Structures are given as C-alpha cells and as structure tokens.
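the following block contains a protein sequence and its predicted model.
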Amino acid sequence: KMPNEHQALLEAMEQQEVSVAKAGLVASLPARTSIIAAANPVGGHFDRGKTVQENLRLSPAMLSRFDAIFVLLDRPDELMDQALSEHIMALHSGEWEPKSENQRMGRE
C-alpha cells in the first residue's frame, strides 16, 4: 500500500486536483504545477542490479507520472571528497581566495 503522502501527491499529479477534508467538509482544489523531486535509495546506496523502482521503493503508478528520471551516482573517492570538503570549509571560513589566471594555468 502507498503511504498517504505518496497517495496525495499521486492524486495531484494524475487528476490535477487536491482533495481536502476538514471539519466534515470535503473540497477539491485545482492543482496545476510542475514537480521536481529527489530521492535517496533504500539503504543509502544505489544498487545497479535493481531497477529505479526497487531502489527507491516507489510504486509504478508514481514513477510513471514523471517525464524524466535521472540517476546521479556518487562514486566514493576519498581524495576527491577530502579536497571538496576542505574547499567548502575554506569558502565558509573566509580563508578562500580566488586563483589568478596564471595559477589556474599552472604558471605559478
């Protein structure tokens, strides 16, 4: 069975309306929008031996409503991760200075 949040989102995507029930009143409101979504795979790592549906545990009905699905993989690389984290820390601590054209070209 689909979680309530998924069911509500699926209704908005399929019917282009959202049903709201409060205090005994039920209203259907128009919902025309574009949706961009991001999801992490079950277990934290994408298993290439499984489908996108299996990795994300989303229903076929939900996945079919998206026009494009992109899978972004982060290949573990300790050196690159270290360099990136040091760069981000330098940016946020005010220690970072832009490189000159000569430094970027390897002339200094």
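Looks like it came in fine.

helix/strand/coil for Ile18?
You called it Ile, but residue 18 is Val. Of the three states, Val18 takes strand under DSSP: H, G, I helix; E, B strand; the rest coil.

test my guess that it contacts Glu11.
Yes. Counting by CB atoms under 8 Å, Val18 does reach Glu11; the two are 6.6 Å apart. C-beta: built from backbone N, CA, C; applies to glycine.

from Gln7, how far out is the most centrally placed residue in the chain?
In the chain, the residue lying closest to the centroid (CA atoms, centre = their mean) is Ala38, at 1.8 Å. As judged by CB to CB, to the nearest Å, Ala38 and Gln7 stand 20 Å apart.

just Ala39 next, same as before
For Ala39 relative to Gln7 (CB to CB), the value is 16 Å.

likewise for Gln53?
Taken as CB to CB, the span from Gln53 to Gln7 is 17 Å.

equivalent analysis for Lys22, please.
With CB to CB as the criterion, Lys22 and Gln7 are 17 Å apart.

more neighbours: which of the two?
Gln7 (14 against 7; other CB atoms under 10 Å).

confirm the more buried one sits in a strand?
No. Read with three-state DSSP, Gln7 is helix and lies in no strand.

just the C-alphas of the lengthiest helix in the chain, formatted as CSV.
Scanning the chain for the longest helix, with DSSP state H as the assignment, gives helix 78-93. Provided in CSV are the C-alpha atoms of helix 78-93 (Å, rounded to 0.1, in the frame of the first residue of the first chain):
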residue,chain,number,x,y,z
GLU,A,78,38.4,9.6,-0.6
LEU,A,79,40.9,12.1,-2.1
MET,A,80,38.2,14.0,-4.0
ASP,A,81,35.9,14.0,-1.0
GLN,A,82,38.7,15.4,1.2
ALA,A,83,39.6,18.1,-1.3
LEU,A,84,35.9,19.1,-1.7
SER,A,85,35.3,19.3,2.0
GLU,A,86,38.4,21.4,2.5
HIS,A,87,37.4,23.7,-0.3
ILE,A,88,33.9,24.2,1.2
MET,A,89,35.3,24.8,4.7
ALA,A,90,37.7,27.4,3.3
LEU,A,91,34.8,29.1,1.5
HIS,A,92,32.7,29.3,4.6
SER,A,93,35.5,30.3,6.9
